[in-house]
Structure formats: structure tokens, C-alpha cells
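# show me how the following folds:
(2 chains)
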Protein chains: 2
Amino acid sequence: MSLELKSANKVFGGWTKHYSHHSDRLNCDMRFAIYLPPQTAQGQKVPVIYFLSGLTCTDENFMHKAGAQRLAAELGIALVAPDTSPRGDDVANAETYDLGQGAGFYVNATEAPWNRHYHMYDYVLKELPRLIEETFPVSDQRSIFGHSMGGHGALVLALRNPERYRSVSAFSPICNPVNCPWGRQAFSTYLGDDRGAWEAYDASLLMRETDGGLPTLVDQGEADDFLDEQLRPGALEAAAEASGYPLTLRRQEGYDHSYFFISSFVDDHLRFHALHLDR
Amino acid sequence: MSLELKSANKVFGGWTKHYSHHSDRLNCDMRFAIYLPPQTAQGQKVPVIYFLSGLTCTDENFMHKAGAQRLAAELGIALVAPDTSPRGDDVANAETYDLGQGAGFYVNATEAPWNRHYHMYDYVLKELPRLIEETFPVSDQRSIFGHSMGGHGALVLALRNPERYRSVSAFSPICNPVNCPWGRQAFSTYLGDDRGAWEAYDASLLMRETDGGLPTLVDQGEADDFLDEQLRPGALEAAAEASGYPLTLRRQEGYDHSYFFISSFVDDHLRFHALHLDR
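Okay, the predicted model is just below:
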């Protein structure tokens, strides 16, 4: 796999870099961002936290707006932010912001024409970490977090693959997609009418069936416009209670769905992951 | 003067708010952003640091990308970010990014048609602080900083009005605009051919003639693409040396002109200003 460096900016003594590469699994060229903390300049291998972004985002939003590099530099942790879907003129798309490019929902699509490119689940789980770990001075210690659609992705990936991650967290995740408009639209489009296929991508349903599990932190703003209709954190709480899953879910008074919310609590999330990563 | 609230986002326990208002001096409607730290919710009056943005920016860039709210909340300081020029369909404009709307250069234009609206110097110096201090729970303790064109603006405003500010700082400022392409284009357009008029807006020329002066911090990235042709920090250093001005100018290895650079050192700037503000 060959990487092309698109930009490099020094920040907090390390480097935020954007690369493009060909993804075999997504069958198109993709971009991702990586923050390499200053420790890597001294040859030290550092753990990696993956951040999955929400609807309409690219590989840029998190690195520009979350303010995560400051503490990542201090803790000696790399950050990786993939794009939110396959991209390109020959990649299927939709007219609406919540489907198609920018809205991959971190699933492996089975329905045509989406199944030609939309395999973000496999890409984030395997192809991208393999590329990252072959290319950069990072260890195979991984944690994962995300926002909204990306919070859903992070929770599902960690619930189904606890051996791949040390910890998982989310800001304002779509907790129960089979029961919300965003999720039903995406799953019926990408996965078809078989509800059984949908359930493999629903964090609340998965958490209800899980014994044990990874350390899990969720923050949800109480002034979030999407709270009741789309995000449904109550479903995740009920699932954790039913299965005894180690979920910490915090409701934050006055905060909305924006990057201002993420930036306010990103340090808490980084410190949470750092507890579970060997450094 | 009446204010219209355009958005409000809770961040680090305080609020980032964007307002529009009619500016008498600019003869158009303007937007600005303010960060009110959590201390203001308890009725406490806090000092204000003004941030002047660079070319092409609006009232949004600093609040979204600089990561300044975290420490401002801790220190109990408000932040205000004005737009970078008058705006509107009836406001004179230019085809290029470095002149006209988004490029007011913090001067009072004397040439037609620019002199109908382009009075950013007066707006930032007087009209906006008066509005801020009448409206919000802030004191009349002010500091000022900025980036690139806004670094130039901050230095010039502080050098000419030391009684109005406690301290001044800049990231990658245009230090000697009468001797660089950006400055010569802007000053000849807004101020005409009289070089004497230009000199009142040149930080290096002003600093050379100043006795005493405000505590002043400048950070400049050494990998900044605009360093030698446009920014010319050496002129500012030479001026400070000639007049004994209390300038601290730091050259930061590897950093460029972007918000990644600002975010890496914004905490240093806030702590510097906090030393000089009564809190």
C-alpha cells in the first residue's frame, strides 16, 4: 500500500498529517489524518486512539476543532481520524446529507450499488490499522472513540471486537440505530430489509447481549437537538444495566451536538483511554 | 445599539456566542464572537482579551480552531473576536483575497470608495469595546492579540493607544507593512499615496519611536511560508532594540502560519495577558 502525504502541520511539538492512499476494501482512494506526538520523533512507539467522525465530516474536522493534540502530545498517544465514507465520482451517493458520501455509518453494505464501496466497518477495523501500524512508529495498542454516527461506529466496533481495543468512548453516539430515523434510513439502504443484519450494528442490542466488555465512557449533552429522536442514550443505559456492562454514561447540562461539546470533554476521554493503554 | 444573538454554544462551562449589530462607524451590520467564561454566570465582571484575525477570516475561525476557551475558562477571562472587515453587498470589495471584504487591515480608510465603510481601526479601538462593556459582565481591563494581519492590527492599536490596553501579543504578525506586498497593496488602496499616512499603521516604525510601551509578546513560526516576504519580524526586533521597547519575540522551529501554530501557543499568550489583567 502506498501513501501520499497531502499536508503536514507542526502542532504541540508533534505533527498533524493528512495522507491519501488506495483502499482495497473500499475500492477507492481514501484520506485520513494522523497526529504523531513528539515522542515519536525520538523513535518511541506510541499507542493509537482512533476517532470516528459524524455525518458530513471528513478527515479534517476532528484535527481542526477538537483540540485533542495538546493532551495527546503530553500523554504520548497518536490520534487517527479516518474519513466518514468512501469517496469519489464513481462512488454511489445520495442527495441527502445523512446517506451516501459523508455518511458511511461504519457498516459493510450488502445492497447494490452500495456494496461496491461502502465497507467502512472492515476498513476501520482492519485495513486502516494495518496500514497505520506498518507505516508509523505506533504500537498495536488501540483504543477508539467517535462522535454521533462515529460514536455509534466506535461502540459497535469495540463491542464486536473487544480483543482489538483497550477501551472505547463516544460523544453523543447514535445508541440504538435500529430505532431512530438516521439508523433506519441508513440500514435499510445499505443492508436491506433483513432486521437481523441491522442488529449486528446496533450498540444497544449488542451491549445487552455482551458478557464483560471493554471500559466504556459516553458523554451526552442535554441540550443536544438530536437527543430524543436520534441518539437515545436511554437505550444504551438500559442495555448496560441488563447485562452488567461497564458503561459510564454522563449527561452534561447545557451542551449541544457541536465540536464545542467535544472540545470541552475531549481531555477526559483521552485520559480515560490513557488509563487502559500501555505507554 | 441593538444586538442580535445568532448562536450560542456551551463550551468549557461558559458560552461562545455570535452576535450581529449595526456599526455606526463601519456603516453596515457586523458580526462578532464572544466567549464568556463560567465566572460571568455568577455575575463576576471579567477582563477581556480581543483577538484580531487574519486575511479571509471571519468572527468564527478563532473560536472554532484556536482552542483558547479551555484556559480562558480556567483564568476567568472573556475573549472577543471581531470580523476582519466591514461586510455586505453595498460594501466595496476586491477580486483578491488580500483586499476588500475579509481584509480590512485595521485601518481607517481615507480613499474612495473604501472610506464609506473601512474604518476597522476605530471600530476595534472604540465602538466594539464600548458595546461589549455596556452589554456583557466584563470590566474595562483589556488586552489584545491577533494573527498575521490581525497581529499587525493588535500591535498598531496597542502601540498607538497604550492607555487602552494592559498587554499585547501576536502570532506571525505583519510587522512592517510599509515594506511588504500585502501592506503596500492595502495601504495604497485604503490610504492613498501619502507614505506619512501609512507610517501610522506600521508596528515597526511605531515601535522605533516609542518610549516605554506595553508588555509585548510575539511568536513566529520558522516554517511560515510568509515569513521573509510578508511578515518581517526582524524589522520589529530591530525597532525594539533601537527604542528599548519591552518586546519578547520567539521564533518557533518547524511551525507554519496555520491555526495549528496558534493553538500550540495560545495558552502561553493567555497566561501572558493574565499576568497583566486584574482578575
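# in the sheet, which residues pair with A:H119? Tell me.
A:H119 forms beta bridges with A:N108, as assigned by DSSP bridges.
# contacts for stretch A:263-279?
With contacts defined as C-beta atoms under 8 Å, 6 or more residues apart in numbering or on different chains, stretch A:263-279 is touched by A:46-47, A:49, A:65-68, A:71-72, A:75-77, A:139, A:141, A:143, A:145, A:166-167, A:169, A:171, A:215, A:217, A:219, A:252, A:255, B:10-13, B:67, B:69-70. Quick note: C-beta positions are derived from backbone N, CA and C, even for glycine.
# kindly recompute the last result at 7 Å.
With contacts defined as C-beta atoms under 7 Å, 6 or more residues apart in numbering or on different chains, stretch A:263-279 is touched by A:46-47, A:49, A:65-68, A:71-72, A:75-77, A:141, A:143, A:145, A:166-167, A:169, A:171, A:215, A:217, A:219, A:255, B:11-12, B:67.
# swap in stretch A:216-233?
A:168-176, A:179-182, A:236, A:246-257, A:261, A:265, A:269, A:272.
# and the residue of chain A positioned farthest from its centre, what's its pLDDT?
For chain A, the largest distance from the centre (C-alpha atoms, centre = their mean) belongs to A:Q42, which lies 28.3 Å off. pLDDT recorded at A:Q42 is 86.
# wait, A:K6 touches A:H18, no?
Yes - counting by C-beta atoms under 7 Å, A:K6 touches A:H18, with 4.4 Å between them.
# quick one: common contacting residues for those two?
Common neighbours of A:K6 and A:H18 (criterion: C-beta under 7 Å, 6+ apart): A:R31.
# that older thread, just the ones of the contacts of stretch A:216-233 in strands?
Mapping these onto strands (DSSP state E) picks out A:V168, A:S169, A:A170, A:F171, A:L247, A:T248, A:L249, A:R250, A:R251, A:Q252.
# phi, psi of the residue lying closest to the fourth one once chain neighbours are set aside?
Put plainly, it is A:F171. Distances taken as C-beta to C-beta, 6 or more residues apart in numbering or on different chains put A:H147 closest to A:F171, at 4.5 Å, once the chain neighbours are dropped. With angles defined as degrees, to the nearest 10, A:H147 sits at phi -130, psi 130.
# spit out the contact partners of A:H147.
A:S53, A:G54, A:F171, A:S172, A:I262.
# switch to 6 Å and redo it
Listed by C-beta atoms under 6 Å, 6 or more residues apart in numbering or on different chains, the contact partners of A:H147 are A:G54, A:F171, A:I262.
# and the gap between the last one and A:F226?
Read it as A:I262. As judged by C-beta to C-beta, to the nearest Å, A:I262 and A:F226 stand 14 Å apart.
# what does the stretch 51-200 of chain A have sitting close to chain B?
Contact residues, the stretch 51-200 of chain A versus chain B (C-beta under 6 Å from any C-beta of the partner chain): A:H64, A:K65, A:G67.
# nearest residue to the second one other than its sequence neighbours?
This means A:K65. In this structure, A:K65 finds its nearest non-sequential neighbour in A:Y259, 4.0 Å apart by C-beta to C-beta, 6+ apart.
# what's the burial count for that neighbour?
By the criterion of other C-beta atoms under 10 Å in any protein chain shown, A:Y259 has 24 neighbours.
# so which residue is smack in the middle of chain A?
A:L52 (2.3 Å).
# what's opposite that residue in the beta bridge?
Applying DSSP bridges, one finds that A:L52 bridges with A:G146.
# so it sits against A:G151, correct?
No - using C-beta atoms under 6 Å, A:L52 is not in contact with A:G151; the gap is 7.4 Å.
# what number of residues lie near the closest residue to A:G13 other than its chain neighbours?
Once flanking residues are discounted, A:G13 sits nearest to A:P38: 3.8 Å by C-beta to C-beta, 6+ apart. Here the number of neighbours of A:P38 (other C-beta under 10 Å) works out to 17.
# separation between A:P38 and A:I262?
Distance, A:P38 to A:I262, by C-beta to C-beta: 23 Å.
# just A:E222 next, same as before
A:E222 sits 15 Å away from A:I262, going by C-beta to C-beta.
# repeat for A:Y255
Taking C-beta to C-beta as the measure, A:Y255 falls 9 Å from A:I262.
# go on, A:T248?
Distance from A:T248 to A:I262, by C-beta to C-beta: 17 Å.
# neighbour-wise, which of those two wins?
Ranked by neighbour count (other C-beta under 10 Å), A:T248 and A:I262 place A:I262 first, with 29 against 12.
# how many neighbours does A:R232 have?
22.
# what's near enough to touch the residue of the stretch 151-279 of chain A found nearest chain B?
With C-beta to the nearest C-beta, the shortest gap between the stretch 151-279 of chain A and chain B falls at A:F260, namely 3.9 Å. Contact analysis of A:F260 by C-beta under 6 Å, 6+ apart lists B:N9, B:V11.
# which residue ranges form the strands in chain A?
A:3-11, A:14-23, A:28-36, A:46-52, A:78-82, A:138-147, A:168-171, A:216-221, A:247-252.
# can you tell me which of these is most buried?
strand A:168-171 (a mean of 30; mean count of other C-beta atoms under 10 Å in any protein chain shown).
# okay, the angle between the helix ranked longest in chain A and strand A:216-221?
As assigned by DSSP state H, the longest helix anywhere in chain A is helix A:259-276. Interaxial angle, helix A:259-276 versus strand A:216-221 (axes from the mean of the first three to the mean of the last three C-alpha atoms, to 10 degrees): 160 degrees.
# quick one: helix A:259-276 to strand B:3-11, angle?
10 degrees.
# quick check: mean pLDDT of helix A:259-276?
98.
# name the residues of that helix that are buried.
Across helix A:259-276, burial judged by 16 or more other C-beta atoms under 10 Å in any protein chain shown covers A:259-267, A:269-270, A:272-274.
# in these, find the pair that's most separated.
Between any two of the buried residues of helix A:259-276, the greatest separation by C-beta to C-beta is 23.1 Å, found for A:F260 and A:A274.
# ok so, going back, how far away is the residue nearest to A:K65 from A:A81?
As judged by C-beta to C-beta, A:Y259 and A:A81 stand 13 Å apart.
# before we move on, what about A:V178?
Here A:V178 is placed at a distance of 27 Å from A:A81 (C-beta to C-beta).
# which residues touch the closest residue to A:M120 other than its chain neighbours?
Counting by C-beta to C-beta, 6+ apart, A:G104 is the residue found nearest to A:M120 once chain neighbours are left out, at 3.9 Å. Neighbouring residues of A:G104 by C-beta under 6 Å, 6+ apart: A:T84, A:S85, A:Y118, A:M120.
# just put the residues you listed in JSON lines and tack on neighbour count and pLDDT.
Shown next, in JSON lines, are the contacts of A:G104 (neighbours: other C-beta atoms under 10 Å in any protein chain shown; pLDDT from 0 to 100):
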{"residue": "A:T84", "neighbour count": "26", "pLDDT": "98"}
{"residue": "A:S85", "neighbour count": "27", "pLDDT": "98"}
{"residue": "A:Y118", "neighbour count": "30", "pLDDT": "98"}
{"residue": "A:M120", "neighbour count": "29", "pLDDT": "98"}
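# just these now: which is nearest B:D24?
Nearest to B:D24, judged by C-beta to C-beta, of those is A:T84 at 45.0 Å.
# how about A:Y255, phi and psi?
The phi/psi pair for A:Y255 (degrees, to the nearest 10) reads phi -90, psi 150.
# what separation do you get for the residue lying closest to it once chain neighbours are set aside and A:P246?
Leaving aside its sequence neighbours, A:Y255 sits nearest to A:G221 (C-beta to C-beta, 6+ apart; 3.2 Å). Look at A:G221 and A:P246: by C-beta to C-beta, they are 22 Å apart.
# give me every residue that touches A:L247.
A:T216, A:A240.
# separation between it and A:L206?
Separation of A:L247 from A:L206 (C-beta to C-beta): 12 Å.
# now do the contacts for A:I77.
Going by C-beta under 6 Å, 6+ apart, A:I77 touches A:V46, A:P47, A:I49.
# at 10 Å what do you get?
Shown in contact with A:I77 (C-beta atoms under 10 Å, 6 or more residues apart in numbering or on different chains): A:35, A:37, A:39, A:46-49, A:68, A:71, A:138, A:141, A:143, A:270, A:273-274, A:277, A:279.
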